[in-house]
Structure formats: structure tokens, C-alpha cells
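Asks: Okay, sequence plus prediction incoming.
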Amino acid sequence: MAKKSIPPAVTGLGVDLAEVARVRRLAADPRFLKRVFTPGELAYAARSKNRFERLAARFAVKEAVIKALDDTSLPLNSIEVENSESGRPAVAVKGRPGLRLLVSISHTAAYASAAVIAFEA
Ligand SMILES: CC(C)(COP(=O)(O)OP(=O)(O)OC[C@H]1O[C@@H](n2cnc3c(N)ncnc32)[C@H](O)[C@@H]1OP(=O)(O)O)[C@@H](O)C(=O)NCCC(=O)NCCS
């Protein structure tokens, strides 16, 4: 009989809603951009008509990761969103290669939202 694989246990769930106008205001300060986003995220956002929507979405992902992991000590720029060729996002935390996270993002001109699920390593 084939061995049944055991699905990984979900260890956390986080959601966040970010206001695009607030992120746009904060992004006027280059120190905020450096403290929060990675160069790859800034480059991806810059390719959009409304880069602040994408920045707000990534801000929401970072807050959602912190909620999913219950770890407020994580530097925001250690959490990185990357998009596949099809646009599907993935998120990783620097220095935590064993961490398994799933993410989904949605944004409009006013708000960006993200949901993150964490699995046991
Ligand atoms: C991919 C799709 C689902 C995104 O939905 P949307 O309502 O346009 O936009 P949202 O703001 O909700 O979502 C955007 C985010 O979806 C995510 N996304 C994009 N492609 C994705 C994919 N293939 N799989 C999972 N997530 C994806 C990205 O994170 C993106 O944000 P980002 O570029 O800042 O990372 C949508 O564009 C699509 O292709 N729908 C297919 C059906 C369709 O064509 N409907 C229109 C009929 S009129």
C-alpha cells in the first residue's frame, strides 16, 4: 500500500490592509524606502503605473508575515516578495531558509491587502 504523505501543519495566519496614500507619503523619505523594501521590490514596483500600490501591497505582506510568525523583531527589509513570470507572488525571510510561507496579494488605488499562511519547517 502506498504510504500516505502527511500534509505540513499550518503554524500561523496573518492578514493586513495598507492604505496606498499613507505609503505614498512615507515613501517620500528615502530612509523609509531603504528600511522597508529590498532593491528587487523597489524595481518591481517601479515597473507599475502606480508604484505606490505595489509598495503598499508589499508593506501589507510584511505586516502579514509578522502576524503569521508572531515575531515583531523581524526587520521589514528582511522579508522579500518576489513575483514569478506569471505574476504569482512568493515571500521569503532572509536568514530563515526553512520557513515555508504562502502569500496572496490584492490592491486598488486606495488599499492593498495581503494574506500569509506559515507552515512548519
Ligand atoms: C492575476 C489576476 C487574478 C489578478 O487580479 P486583479 O484583480 O487584476 O488584481 P489584484 O490587485 O487583485 O491582484 C494583483 C496581484 O495578484 C498577484 N498575482 C498576479 N498574477 C498572479 C498569479 N498568476 N497567481 C497568483 N497571484 C497572482 C500579484 O501579487 C499582483 O500584485 P503585484 O503585481 O503587486 O504582486 C487577474 O489579473 C487575472 O489574470 N484574472 C484572470 C481572469 C480575467 O482575466 N479576468 C478579467 C475578465 S474581464
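Replies: Received the coordinates, thanks. Numbers count the residues shown, from 1 in each chain.
Asks: Which single residue of this protein ends up nearest the ligand?
Replies: residue 87 (2.8 Å; CB to the nearest ligand atom). Quick note: C-beta positions are derived from backbone N, CA and C, even for glycine.
Asks: element containing that residue, please.
Replies: Here residue 87 sits in a region with no helix or strand, counting by DSSP states H and E.
Asks: ok now do it, which residues does it touch?
Replies: Under the criterion of CB atoms under 8 Å, 6 or more residues apart in numbering, residue 87 has no neighbours.
Asks: which helices and strands sit right next to the longest helix seen in the chain?
Replies: Longest helix in the chain by number of residues (criterion: DSSP state H): helix 51-69. Identification of packing neighbours for helix 51-69 by 3 or more CB pairs under 8 Å, 6 or more residues apart in numbering; DSSP states H and E yields strand 10-19, helix 20-26, helix 30-36, helix 39-46, strand 79-83, strand 89-93, strand 100-107, strand 111-119.
Asks: near the ligand, which residues of this structure?
Replies: 54, 57, 83, 86, 87, 88, 89, 105, 106, 107 (CB under 6 Å from any ligand atom).
Asks: pLDDT at the second one, what is it?
Replies: What it means is residue 57. For residue 57, the pLDDT comes out at 98.
Asks: Please apply the same query to the fourth one.
Replies: The score at residue 86 is 97. That number is its pLDDT.
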